[in-house]
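> mind looking at a prediction? Sequence and model below.
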Amino acid sequence: MEELHSETPQTEPEPAPKIIGLTGGIGSGKTTVARFIEEFGFPVYYSDDRAKTIVNESEDLKIKIKELLGEDSYDENGLYDRKFVADKVFNNRDLLQQLNEIIHPAVKIDFENWVRKQSKYLVFKETALLFELKLNRQCYKSLLVTAEDNIRIKRVMDRDYKTYREVETVMEKQMPERDKIKMADCIIYNNTNLEDLKEQTEKVIFSIE
Ligand code: ATP
């Protein structure tokens, strides 16, 4: 009887990459850290940016969002009207939650498809609401970027030409830093300069096993 054997050598399937959730409050520096991580050769999925793209690409999402918030959620060119939507949900927790329940599952699927295409042993998922949405439970580790409130406010004022009070109002609606610090596996304190931030980033990401 002929012996069964494979012509091509069997290769072990690549292990799935470990997912590191990268987060931080407004102006903490998480996007800056994400860019450094990319410079160090690791892929980063930008959840909020992808969400902004997906709401324009998915017909299914368009229908659901219009049903929830009205036809004006999309402008005359069929593009998602972020300002309109933000104004609608700003002081309405219930509507915001319903909107998130539409958008987040779509981002989750998009992320899973993205992860499948990655070949590095670590991948990073930048998400502002990592802890709030308990997405850290779906990650191997969480990495928090944090800085003192005053520093964060000043950086956002410079970046977005906002007033102190405007930034503070957004900050007050976010989960307190002390709660995030308790939950995070790794923490980068971004209170000094970009050089220090990059050094800390390098140390943290290469120490993740
Ligand atoms: P948001 O959630 O508001 O988008 P973020 O957490 O992504 O903010 P960044 O955009 O990375 O924060 O940083 C906020 C601003 O502060 C940016 O203009 C950035 O260039 C600047 N910044 C971040 N870290 C430092 C630092 N260590 N020294 C000087 N400027 C910094």
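Right, received. Where do you want to start? Numbers count the residues shown, from 1 in each chain.

> let me see the mean pLDDT of the helix or strand hosting Trp114.
Using DSSP states H and E, the element containing Trp114 is helix 93-116. On average, the pLDDT along helix 93-116 is 94.

> helices or strands next to that helix in the packing?
If you count contacts as 3 or more CB pairs under 8 Å, 6 or more residues apart in numbering; DSSP states H and E, helix 93-116 packs onto strand 44-46, helix 47-57, helix 59-69, helix 82-89. C-betas here are computed from N, CA, C, even on glycine.

> list the strands paired with the helix or strand following it, with their directions.
Downstream of helix 93-116, the first helix or strand assigned by DSSP H and E is strand 122-126. When sheet partners are counted by DSSP bridges, strand 122-126 sits next to strand 18-23 (parallel), strand 44-46 (parallel).

> what's in contact with the first one?
Contacts to strand 18-23, defined as CB atoms under 8 Å, 6 or more residues apart in numbering, come from residues 30, 33-34, 37, 44, 115, 121-131, 135-136, 138-145, 180, 184, 205, 208.

> go through that strand and flag the buried ones.
19-23 (16 or more other CB atoms under 10 Å).

> for those residues, give me CSV that also has distance to the ligand.
Converted to CSV, the buried residues of strand 18-23 look like this (distance: CB to the nearest ligand atom, whole Å):
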residue, distance to the ligand
Ile19, 19
Ile20, 16
Gly21, 14
Leu22, 10
Thr23, 9
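
> give the contact list for Ala147.
By CB under 8 Å, 6+ apart, the neighbours of Ala147 are 27-29, 155, 189-191.
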